[in-house]
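Asker: need a 3D model of the following:
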Amino acid sequence: MSVTIYHNPDCGTSRNTLAMIRQSGVEPAVIEYLKTPPDRATVTRLIRDAGLTVREALRKKDTPFDELGLADPTRTDDDLLDAIAEHPILLNRPFVVTPRGTRLCRPSEVVLDILENPEIGPFTKEDGEVIINAEGSRLV
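Answerer: Numbering: from 1, shown residues only. Just a heads-up that it's a prediction; the model follows:
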């Protein structure tokens, strides 16, 4: 199965998502999108395929979102995509692409919905939140 994650190793949600993918038995293509930003067409496709608007795909926390005035409702999708191209940190993460779909995996357990093998066994997030218990039941 071909899986790609647009990953930020400094992000706990992204690390948890990557760990669930690996625990499912898949070694994904890992694109550290801050080091290798996807081009505009890829960003547009990720957002569209995930069923989001460009505005919904923006990250606000710890980004130049406010200083760039991106909350202004008159800012167009093109304006927002230009901002993402200039500041890739504005693209929320992690986006994951599998044969079963594309999702912005926030929270990280959303990835289970698009893995071919979502029965990954027990899983606890870095912060201690149990996602799948010892009996294999998804708790979230």
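
Asker: pull the distance from stretch 85-99 to the chain's centre.
Answerer: Here stretch 85-99 is found 6 Å from its chain centre; the criterion is CA atoms, centre = their mean, to the nearest Å.

Asker: what pLDDT does the residue nearest to the spatial centre of the chain get?
Answerer: Nearest to the geometric centre of the chain sits residue 94, at 1.9 Å (CA atoms, centre = their mean). Note for residue 94: predicted pLDDT of 98.

Asker: same thing with residue 140?
Answerer: Listed pLDDT for residue 140 reads 80.

Asker: give the contact list for it.
Answerer: 107, 109, 129, 131 (CB atoms under 8 Å, 6 or more residues apart in numbering). C-betas here are computed from N, CA, C, even on glycine.

Asker: can you report how many residues lie near the first one?
Answerer: When counting by other CB atoms under 10 Å, one arrives at 13 neighbours for residue 107.

Asker: mind listing what it touches?
Answerer: Here residue 107 is in contact with 13, 140 (CB under 8 Å, 6+ apart).

Asker: how close does it get to residue 125?
Answerer: From residue 107 across to residue 125, the span is 9 Å (CB to CB, to the nearest Å).

Asker: narrow the contacts of residue 140 to those in strands?
Answerer: Members of these lying in strands (criterion: DSSP state E): residue 131.

Asker: longest helix anywhere in this protein?
Answerer: In the chain, with assignment by DSSP state H, the single longest helix is helix 12-23.

Asker: where does the protein have low pLDDT?
Answerer: By pLDDT under 70, the low-scoring segments of the chain are 1.

Asker: now the strands for it?
Answerer: With DSSP E, the ranges of strands along the chain come out as 4-7, 29-32, 95-98, 101-104, 123-124, 130-132.

Asker: just name the most buried of those.
Answerer: Among the strands of the chain, strand 95-98 has the highest mean neighbour count (mean count of other CB atoms under 10 Å), at a mean of 25.

Asker: who does that one pair up with?
Answerer: If you go by DSSP bridges, strand 95-98 pairs up with strand 4-7 (antiparallel), strand 101-104 (antiparallel).
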